[in-house]
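[1] return atomic coordinates for the entry below.
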Amino acid sequence: MLVRLFTEHPKSVDESYFEHLLMASSFGLTMVFYGLLCFVHALLPFLFEKSASKAIDRLYVRMVTNRNRKNAAKHSHPTAAAE
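    Sure, this is the predicted structure:
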């Protein structure tokens, strides 16, 4: 039961616990950093005008690309040359 609490969600996104730990931590630290830039931007609107929105775009692409790459590898078929 306890192990399932730590593995169910990572498995649902096709990651091990440690892969998920690294990926989620990386996303979280990136969001904290760019969140701080948003506060600076709020005070000084001429700074970091597009930094956070570009970071969000990059994170989204990274998440979707990683998911698609894993799904493609999982569902790939052997080539005809390998048969």
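[2] where does this structure have low pLDDT?
    The model of the chain has pLDDT under 70 over residues 71, 77-83.
[3] now the most centrally placed residue in it: closest residue in space that isn't a chain neighbour?
    Centroid check for the chain by CA atoms, centre = their mean gives Met63 as the closest residue, at 3.7 Å. Take Met63 and drop its neighbours on the chain: the residue closest to it by CB to CB, 6 or more residues apart in numbering is Phe27, 7.5 Å away. C-beta here means a position set from N, CA and C on the backbone, and glycine is covered the same way.
[4] that older thread, by contact count, what packs against the helix or strand where the residue nearest to the centre of the chain lies?
    Here Met63, judged by DSSP states H and E, is contained in helix 51-74. Helix 51-74 is packed against helix 17-43, with contacts defined by 3 or more CB pairs under 8 Å, 6 or more residues apart in numbering; DSSP states H and E.
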